[in-house]
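Asks: no FASTA, just this:
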């Protein structure tokens, strides 16, 4: 009996010792985390997530009473937690190893690339956009119009989708859209050119971003040159970034094994042009902004990002003005067009607050090009608004 009690007491003391040891370990760990939190400066921006992080909340009695201060403190602690990026990468890496292939609308493809989903599109929105384009073309019958609708990765690499991944038929969407507008606006279908580039083993899209590569945009430009009846410029390729991590990594949290490279069309030193952002009246002597390569989105090396209206005046003395109504897919293609036009006007309906018709009063527009990627256009509610004359 005595031996049994002694054995039981030893077991209790042994367990107590383990609990104390565990308690010391947890306390040291918490102190280490707290020390790291105090010693490591707060980050303002997350390169991995591409967003501004929560900063130290301001103390106020109103905020404490309403609970807002508590909520902000929790967000601050989560955003500024030491090693947060590594922890997030580890979590997503484990999830991926366990079979997760979709995160926040992004698929992890079988070829170790990322692709945005293409859900079934809104037919009413599609009709409204098509009708606005046709009405716009009808009001300007003396100006030739063209529409380039670029497929995204999910449309060109459908065979690389995860097994049983739900998605709408992007090529059917593009075919239907072209059929509806073709009587008034000439479709510029670049899918065969991009398919040829894919078959040759060249990169059509960045593995971590939704944009096409500059190489792919050049192949699309060659098709466009035929439609516009211009002589295609040579591709003077220059790699400006070899460590590009695109927006889909930030959006999804997935980690890819390789980096992307960004290429640009090198300016011809004998050809001059000037870029003006009409919103701020800032002028530049190049469409490239190298400082953006070290920022949160290196793709903004093209024109510094997206702006409502940009005017480009060149030394091409041919009295030709091209109006490009576009999304960001156009940004890396436009430099190929510079030598063929005296003036190019870039209008992004997502940021432009006026009607497109007004530009015909201030600009001597000789041609119009619409340039969108299919995923953006399918969900876009801004194009029909800028084309609506009311």
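Replies: Structure's in. What do you need? Just so we're clear, the structure is a prediction, and the values are computed from it rather than from any experiment. Numbering: from 1, shown residues only.
Asks: the residue nearest to residue 202 when sequence neighbours are not counted in helix, strand or coil?
Replies: Distances taken as CB to CB, 6 or more residues apart in numbering put residue 215 closest to residue 202, at 5.8 Å, once the chain neighbours are dropped. Backbone N, C-alpha and C define where each C-beta goes, glycine included. Look at residue 215: counting by DSSP: H, G, I helix; E, B strand; the rest coil, its state is helix.
Asks: 441 is where my numbering starts, stick with that
Replies: In the new count, where the first residue is 441, that last one comes out as residue 655.
Asks: count the neighbours of residue 655 for me.
Replies: Neighbourhood size, residue 655 [other CB atoms under 10 Å]: 16.
Asks: make sure it is actually in contact with residue 701.
Replies: No - with contacts counted by CB atoms under 8 Å, residue 655 stays clear of residue 701, the gap being 9.8 Å.
Asks: now do the contacts for the residue nearest to residue 642.
Replies: Shown in contact with residue 655 (CB atoms under 8 Å, 6 or more residues apart in numbering): 637, 642-644, 675, 677, 703.
Asks: most surrounded residue in those?
Replies: For these, counting by other CB under 10 Å, the largest number of neighbours falls to residue 644: 24 neighbours.
Asks: kindly provide the distance from the residue nearest to that one when sequence neighbours are not counted to residue 680.
Replies: Residue nearest to residue 644 in three dimensions, not counting chain neighbours: residue 656, with 4.5 Å by CB to CB, 6+ apart. Distance of residue 656 to residue 680, given as CB to CB, to the nearest Å: 16 Å.
Asks: which one's more surrounded, those two?
Replies: More neighbours surround residue 656 than the other of residue 656 and residue 680, with 25 against 17 (other CB under 10 Å).
Asks: could you check how far that one is from residue 662?
Replies: For residue 656, the distance to residue 662 equals 11 Å [CB to CB].
Asks: so residue 495 is in which element?
Replies: Assessed by DSSP states H and E, residue 495 sits outside every helix and strand.
Asks: relative to residue 736, how far out is it?
Replies: Note on residue 495: its distance to residue 736, by CB to CB, is 17 Å.
Asks: before we move on, which element is residue 683 in?
Replies: According to DSSP H and E, residue 683 maps onto strand 677-684.
Asks: and residue 547, what are its phi and psi?
Replies: Per-residue torsions, residue 547: phi -90, psi 140 (degrees, to the nearest 10).
Asks: what is the burial count for the closest residue to it other than its chain neighbours?
Replies: Counting by CB to CB, 6+ apart, residue 547 lies nearest to residue 555, which is 4.9 Å off, once chain neighbours are set aside. Using other CB under 10 Å as the criterion, residue 555 is surrounded by 29 other residues.
Asks: next: the one 3 residues further on.
Replies: Applying other CB under 10 Å, we find 24 residues neighbouring residue 558.
Asks: check the gap between it and residue 610 for me.
Replies: Distance of residue 558 to residue 610, given as CB to CB: 5 Å.
Asks: now residue 793
Replies: With distances taken as CB to CB, residue 793 is found 30 Å from residue 610.
Asks: what touches both of residue 558 and residue 610?
Replies: Residues touching both residue 558 and residue 610 (CB under 8 Å, 6+ apart) are 592, 594-595, 814-815.
Asks: from these, which ones fall inside strands?
Replies: Using DSSP state E, no member of the shared contacts of residue 558 and residue 610 falls in strands.
Asks: neighbour-wise, which one of those residues leads?
Replies: Neighbour counts for these, by other CB under 10 Å, peak at residue 815, which reaches 25 neighbours.
Asks: how about the contacts made by the residue nearest to residue 660 when sequence neighbours are not counted?
Replies: Nearest non-adjacent residue to residue 660, counting by CB to CB, 6+ apart: residue 630, 4.1 Å away. Contact analysis of residue 630 by CB under 8 Å, 6+ apart lists 588, 590, 659-660, 663-664.
Asks: hang on, residue 570 packs against residue 623?
Replies: No - Residue 570 lies out of contact with residue 623 (CB under 8 Å); the separation is 11.0 Å.
Asks: more neighbours, these two?
Replies: Using other CB under 10 Å as the criterion, residue 570 and residue 623 rank with residue 570 on top: 17 against 9.
Asks: what are the buried residues along the host helix or strand of that one?
Replies: For residue 570, the host element (DSSP H and E) is helix 563-579. Within helix 563-579, the residues scored as buried using 16 or more other CB atoms under 10 Å are 565-566, 568-570, 572-574, 576-577.
Asks: and the helix or strand hosting residue 765, which strands flank it?
Replies: Using DSSP H and E, residue 765 maps to strand 761-766. Strand 761-766 pairs in its sheet with strand 783-787 (parallel), strand 807-813 (parallel), by DSSP bridges.
Asks: format those as TSV; extra columns: mean pLDDT, mean neighbour count and distance to residue 750.
Replies: Formatted as TSV, the strands paired with strand 761-766 follow (pLDDT from 0 to 100; neighbours: other CB atoms under 10 Å; distance: least, CB to CB, whole Å):
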stretch	mean pLDDT	mean neighbour count	distance to residue 750
strand 783-787	98	23	4
strand 807-813	98	24	14
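Asks: got those strands as a markdown table, with distance to residue 551 columns?
Replies: Listed next are the strands paired with strand 761-766 as a markdown table, based on distance: least, CB to CB, whole Å:
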| stretch | distance to residue 551 |
| --- | --- |
| strand 783-787 | 33 |
| strand 807-813 | 20 |
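Asks: the ones you listed: which one's closest to residue 732?
Replies: strand 783-787 (16.8 Å; CB to CB).
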